[in-house]
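**Student:** quick one: sequence plus predicted model below, questions after.
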Amino acid sequence: MNHKFARAAIAAVAALTFGGIAFAQTKWDLPTAYPATNFHTENVTQFASDVDKASGGKLKITVHNNASLFKAPEIKRAVQGGQAQMGEILLVNYQNEWQMFGADGIPFLADSYDAAWKLYQAQKPVLEKKLAEQGIVLLYAVAWPPQGIFVKKTIASAADLKGVKWRAYSPATARIAELVGAQPVTVQQAELSQAMATGVIESYMSSGSTGYDTKTYEYIKNFYDTQAWLPKNAVLINKKAFDALDKPTQDAVLKAGADAEKRGWDVSKKKNLEYLDLLKKNGMTIHVPSDALKADMKKVGDTMLKEWLEKAGPEGQAVVDAYKKM
């Protein structure tokens, strides 16, 4: 009987121990709209791995890439509502909700990595405040490479874009289409290859990264390196989910997020040149924009900055002023 009792006691302790471990482990979902091979996705996957290690396996984050869990426009709402504990979004996609989300989509306001970083520092305090009001923590943000124009035909000025079927994925890209006389068509990145293959679009503005990821070179042969703006992806956390973590795990998430932000910006700079080379190798011509095209696009940028400031009001003006003083 004593042996039976001892075995039963050991089994009970083991059950409590393993049950405790299982109970202590937290699982999060992190949806993103981009393919596994995109540098943003690789970065966020490395972040998840870093959190796993730093938390001793207490927090497991599953990355759902290529809009497999939620479509791009749905991710922020999913995080806000707790359907996903984390998510990666393209900030400019949400400009209609709040103008400050679109600050880094204004053409030629910040047209280099240094300028984009300064704009982020000016924008960050208001972003954090607004997201906190919505029950969201801004963990980190990383810029895409500079945006240029992919187009089927060669162009010498904005007039050559009149009537062209133009992919719009944000309010800003839709407005650019209107200002140059193109026809905006809403297409998210996960649907971009199909839209090009079926002739739904003939042109769009994005980075070399998107051009390579979507094999744009199979359908469109010209890229004009306008370096118009550097939009940012932001990684968000549901605040209730974050607050439910113990302090060491919270610290692990914050540290891994800070590392991911630095790594992401460094990789974006490096990848920009790599992607342009890859596009060339796959048959795309990389054009330096003509003076006329530069001047036309600068006018578009000036118009959009004026319109944005009118909508964003004093808050927007304060961010732009702070950015220009940096």
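**Tutor:** Now that the structure is in, tell me what you want to look at. Numbering: from 1, shown residues only.
**Student:** what mean pLDDT does the helix or strand hosting residue 119 have?
**Tutor:** Per DSSP states H and E, residue 119 falls inside helix 113-133. Mean pLDDT, computed over helix 113-133, is 97.
**Student:** stretch 150-170 too?
**Tutor:** On average, stretch 150-170 scores 96.
**Student:** and that stretch, how far out from the chain's middle?
**Tutor:** 23 Å (C-alpha atoms, centre = their mean, to the nearest Å).
**Student:** show the end-to-end separation of it, please.
**Tutor:** 16 Å (C-alpha to C-alpha, to the nearest Å).
**Student:** given the next helix-or-strand element following the helix holding residue 119, what are its sheet partners and their directions?
**Tutor:** In the C-terminal direction, the helix or strand that comes right after helix 113-133 (DSSP H and E) is strand 136-143. Strand 136-143 pairs in its sheet with strand 232-238 (antiparallel), by DSSP bridges.
**Student:** quick check, pLDDT for the closest residue to residue 143 other than its chain neighbours.
**Tutor:** Once flanking residues are discounted, residue 143 sits nearest to residue 230: 4.2 Å by C-beta to C-beta, 6 or more residues apart in numbering. No exception for glycine: its C-beta is placed from N, CA and C like everyone else's. On pLDDT, residue 230 comes in at 95.
**Student:** touching, residue 230 and residue 141? I think so.
**Tutor:** No - when contacts are counted by C-beta atoms under 8 Å, residue 230 is not listed as touching residue 141 (10.9 Å).
**Student:** ok, for residue 109, nearest residue in space, not its chain neighbours?
**Tutor:** residue 305 (5.9 Å).
**Student:** which residues are in contact with the one you found?
**Tutor:** 106, 109, 320 (C-beta atoms under 8 Å, 6 or more residues apart in numbering).
**Student:** tell me where the protein has strands.
**Tutor:** 26-31, 59-64, 86-90, 136-143, 148-151, 165-168, 183-186, 203-206, 222-224, 232-238, 285-287 (DSSP state E).
**Student:** between the ones you listed, which one is closest to residue 118.
**Tutor:** Among the strands of the chain, the nearest to residue 118 by C-beta to C-beta is strand 136-143 (11.4 Å).
**Student:** which residues of this protein score low on pLDDT?
**Tutor:** 1-23 (pLDDT under 70).
**Student:** quick revisit: same list, the strands of the chain, but as a markdown table with mean neighbour count and distance to residue 127 please.
**Tutor:** Shown next, in a markdown table, are the strands of the chain (neighbours: other C-beta atoms under 10 Å; distance: least, C-beta to C-beta, whole Å):
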| stretch | mean neighbour count | distance to residue 127 |
| --- | --- | --- |
| strand 26-31 | 18 | 19 |
| strand 59-64 | 18 | 22 |
| strand 86-90 | 28 | 11 |
| strand 136-143 | 22 | 6 |
| strand 148-151 | 25 | 26 |
| strand 165-168 | 23 | 23 |
| strand 183-186 | 16 | 24 |
| strand 203-206 | 26 | 22 |
| strand 222-224 | 21 | 30 |
| strand 232-238 | 25 | 8 |
| strand 285-287 | 14 | 33 |
